[in-house]
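[1] kindly generate the corresponding structure for this input.
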Amino acid sequence: MPLPPLVAPATELSREEINRYSRHLLIPDVGMLGQRRLKNARVLVIGAGGLGSPTLLYLAAAGVGTIGIIDFDRVDDSNLQRQVIHGVDTVGKLKVESASQAIARLNPHVRVETFTDRLERDMAVDLFSRFDLILDGTDNFATRYLVNDACVLADKPYVWGSIFRFEGQVSVFWENAPDGRGLNYRDLYPEPPPPEMSPSCAEGGVLGILCASIGSIMATEAVKLITGIGEPLLGRLVAYDALEMRYRELPLRRLPGREPITALAEDYQAFCNLGAPAGNADASLPSITAAELKTLMDQQKMPILIDVREPTEWDIVRIPGATLIPKSPTVAQTLLREYGHDADLVISCKSGKRSADVVSELQQLGMRNVRTLEEGVLAWVRDIDPSLPSY
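    Just a heads-up that it's a prediction; the model follows:
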């Protein structure tokens, strides 16, 4: 069942806009009225990354009158494999600035509002209240729950997308949708999965083209909601497997007995168990910097260096003298059995999170002479050998 249009139509289209959007105007379901709704729409896209890039481009091309972009990050070389709104010439720039420039080149009729802050609980509801529709392509559960709860409190629908490696998901959430059809993200995920079960794309990788597949669905849903055409994905989740080239649709239902959302959580990081490493409440783990490790290497006092990344990461870059033992539920027991309680171990990973988890587990097993490499292999590349590749 279609939903009522989210946006009232603008008064008119200019001659230039009629020429530009003529292929939309020829579609009976869109026509002049639908295009005027798009012109009058205010859409906020959270993140100008993998999903934000194609979504922003297609919303701008479609003629959405005002597009908001919130992203605190800067363009990096590793983004260009999938974040097609950016280019070599914008590496190092704020993503919102790079995206805004690309939109201006594509469609000068679109007004862009940029926000360079990290999305935080103290500003989310107020920010969302200024827009008609929110699009969430973020890559972590803490932000997803914040977006969901803030949309509920601001009474805004939102389109949600998620990607990882070869798979993606899309749905529409709107707590106060007409005709009692309201759903929110907590109906899909009442509780966040354990952090080790939800790695980010930065840790696990993603097929770049997948972003276009999922982002285009998100933009399509946005146009449908704004204009009130078609059957939106409210109450349905589309799952896409690029390797199998298969789409599956899963029905979503309101969770029985779910508590209403009346306020934002105090700490979404803690809610998603993203605070201190497991078993180490104060997070005061023994650590060593890349510079300190290099000094020990030069003095022939090299500790046993264990790299707990995946083999694909090891193939990209590694620290000389390291031994690869990928992180697993039994890696701590393996290290204890292999090296003994008194071994001088340094655990490394990409950025320090996985190695901190392993060190915490080793301490629980009674090993005391263990340290985590601060900021991981990325710190070694940055501070010791910049000639090595990064990722």
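[2] for my notes, confirm residue 160 occurs in a strand.
    Yes - with DSSP: H, G, I helix; E, B strand; the rest coil as the criterion, residue 160 is part of a strand.
[3] so it is in contact with residue 183, correct?
    No - using C-beta atoms under 8 Å, residue 160 and residue 183 do not qualify as a contacting pair, with a distance of 10.8 Å. Just so you know, the C-beta spots here come from the backbone N, C-alpha and C atoms, and that holds for glycine as well.
[4] count of neighbours near residue 9?
    If you count neighbours by other C-beta atoms under 10 Å, residue 9 ends up with 18.
[5] next, the contact list for the nearest residue to it once chain neighbours are set aside, please.
    Closest residue to residue 9 in three dimensions, ignoring its sequence neighbours and counting by C-beta to C-beta, 6 or more residues apart in numbering: residue 36, at 3.6 Å. Residues touching residue 36, when contacts are defined by C-beta atoms under 8 Å, 6 or more residues apart in numbering, comprise 9, 10, 11, 12, 13.
[6] of all those, which comes closest to residue 256?
    residue 9 (39.2 Å; C-beta to C-beta).
[7] looking at the chain, which helix or strand is least sure?
    Within the chain, no helix or strand scores below helix 201-204, which has a mean of 81 by mean pLDDT, DSSP states H and E.
[8] which of the residues in the helix or strand following it are buried?
    Following helix 201-204 in sequence order, the next helix or strand is helix 208-227 (DSSP states H and E). Across helix 208-227, burial judged by 16 or more other C-beta atoms under 10 Å covers 210-215, 217-227.
[9] got it, and stretch 185-194?
    Going through stretch 185-194 with 16+ other C-beta under 10 Å, the ones that come out buried are 185, 186, 187, 188, 192.
[10] which of these fall in strands?
    Counting by DSSP state E, these place none of their members in strands.
[11] which residue packs closest to residue 242, ignoring adjacent ones?
    If you skip the residues right next to it in sequence, residue 242 has residue 166 as its closest partner in space, 4.5 Å away by C-beta to C-beta, 6+ apart.
[12] so that neighbour touches residue 245, yeah?
    No - when contacts are counted by C-beta under 8 Å, residue 166 is not listed as touching residue 245 (10.1 Å).
[13] and the buried residues of stretch 185-194, which two are the farthest apart?
    187 and 192 (13.9 Å).
[14] assign residue 45 to helix, strand or coil.
    Classification of residue 45 into helix, strand or coil gives strand, according to three-state DSSP.
[15] tally of neighbours for it?
    Applying other C-beta under 10 Å, we find 30 residues neighbouring residue 45.
[16] how near is it to residue 141?
    Computed with C-beta to C-beta, to the nearest Å, the distance linking residue 45 and residue 141 is 19 Å.
[17] circling back to that earlier point, which of residue 166 and residue 245 has more residues huddled nearby?
    Summary of the neighbour comparison: residue 166 and residue 245, criterion other C-beta under 10 Å, with residue 166 having more neighbours (15 against 7).
[18] which residues touch that one?
    Taking C-beta under 8 Å, 6+ apart as the definition of contact, the neighbours of residue 166 are 207, 210, 241, 242, 243.
[19] max pairwise distance over those residues: which two?
    For the contacts of residue 166, the farthest-apart pair by C-beta to C-beta is 207 and 241; their separation is 11.0 Å.
[20] and those two? Which one has more around it.
    Comparing residue 207 with residue 241 by other C-beta under 10 Å, the one with more neighbours is residue 207, at 19 against 13.
[21] backbone dihedrals for the more buried one, please?
    Backbone dihedrals for residue 207, given as degrees, to the nearest 10, come out at phi -70, psi 120.
[22] looks like it contacts residue 214 (just checking).
    No - between residue 207 and residue 214 no contact is recorded; they are 10.6 Å apart, counting by C-beta under 8 Å.
[23] how about residue 228: what's its closest non-neighbour residue?
    Here the nearest residue to residue 228 in space, its sequence neighbours aside, is residue 5; by C-beta to C-beta, 6+ apart that works out to 3.2 Å.
[24] I meant to write residue 239 there.
    Counting by C-beta to C-beta, 6+ apart, the nearest residue to residue 239 once its immediate chain neighbours are dropped is residue 248, at 4.7 Å.
[25] who touches that neighbour in this structure?
    Counting by C-beta under 8 Å, 6+ apart, residue 248 makes contact with 238, 239, 240, 241.
[26] burial check on residue 284, number of neighbours?
    Using other C-beta under 10 Å as the criterion, residue 284 is surrounded by 8 other residues.
[27] for residue 337, see how far away the most centrally placed residue in the chain is.
    By C-alpha atoms, centre = their mean, the mean C-alpha position of the chain lies nearest to residue 139, the distance being 1.8 Å. Using C-beta to C-beta, one obtains 35 Å as the distance from residue 139 to residue 337.
[28] for residue 251, same thing?
    According to C-beta to C-beta, residue 251 and residue 337 sit 47 Å apart.
[29] look at the residue nearest to residue 207 when sequence neighbours are not counted and report its pLDDT.
    The spatial neighbour of residue 207 that comes closest, neighbours along the chain excluded (C-beta to C-beta, 6+ apart), is residue 166 at 5.4 Å. In the predicted model, residue 166 carries a pLDDT score of 97.
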